[in-house]
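In: Generate coordinates for the sequence data below:
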Amino acid sequence: MAKQLLIEGRVQGVGYRASFADEAQSLGLSGWVRNRRDGSVEAAVDGDAQAVEAIIQWSKRGPPAARVHQVAVTDLEAPPSPGREFKILPTQ
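Out: Predicted coordinates for the structure are as follows:
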């Protein structure tokens, strides 16, 4: 199951990407997370349905300093990256 997430709110400068990557890895997900120039965070995840749902729920809270206003979730037709790796990508 592959999903793309767009997380909006106070999600940059609060450790969101690193925390997201840690959580995704602990859930056995592959994919990536990155900051966007508009101040949001974007992620693509792939894994079993229960783990994907868990990261979606986590993304609505984020780390303690984050203030998430909205999480948009869309389906991806293909896995975001080959293998079982999870990466933090440069800002786009």
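In: drop to CA atoms for contacts and neighbour counts, all remaining ones
Out: Noted.
In: ok, and the closest non-adjacent residue to Pro63?
Out: In space, and not counting its chain neighbours, Pro63 is closest to Tyr16: 6.0 Å by Cα to Cα, 6 or more residues apart in numbering.
In: just checking, that neighbour touches Ala66?
Out: Yes: judged on Cα atoms under 8 Å, Tyr16 makes contact with Ala66 at a distance of 6.9 Å.
In: Show me which of these two is the more surrounded one.
Out: Tyr16 (24 against 18; other Cα atoms under 10 Å).
In: Look up how far Pro79 lies from that one.
Out: According to Cα to Cα, to the nearest Å, Tyr16 stands 22 Å off from Pro79.
In: Equivalent analysis for Val52, please.
Out: Counting by Cα to Cα, the gap from Val52 to Pro79 is 12 Å.
In: Likewise for Glu23?
Out: Counting by Cα to Cα, the gap from Glu23 to Pro79 is 18 Å.
In: re the thing from before, if you count what's nearby, which of Val52 and Pro79 comes out ahead?
Out: Between Val52 and Pro79, Val52 has the larger neighbour count (other Cα under 10 Å), namely 21 against 17.
In: Am I right that that one sits in a strand?
Out: No: secondary structure of Val52 (DSSP: H, G, I helix; E, B strand; the rest coil): helix, not part of a strand.
In: you'd agree it is up against Leu5?
Out: No: Val52 lies out of contact with Leu5 (Cα under 8 Å); the separation is 10.6 Å.
In: How about the residue positioned nearest the centre of the chain, nearest residue that isn't a chain neighbour?
Out: Centroid-nearest residue in the chain, with Cα atoms, centre = their mean: Ala43, separated by 3.7 Å. Spatial nearest neighbour of Ala43, chain neighbours left out: Val33 (4.1 Å); criterion: Cα to Cα, 6+ apart.
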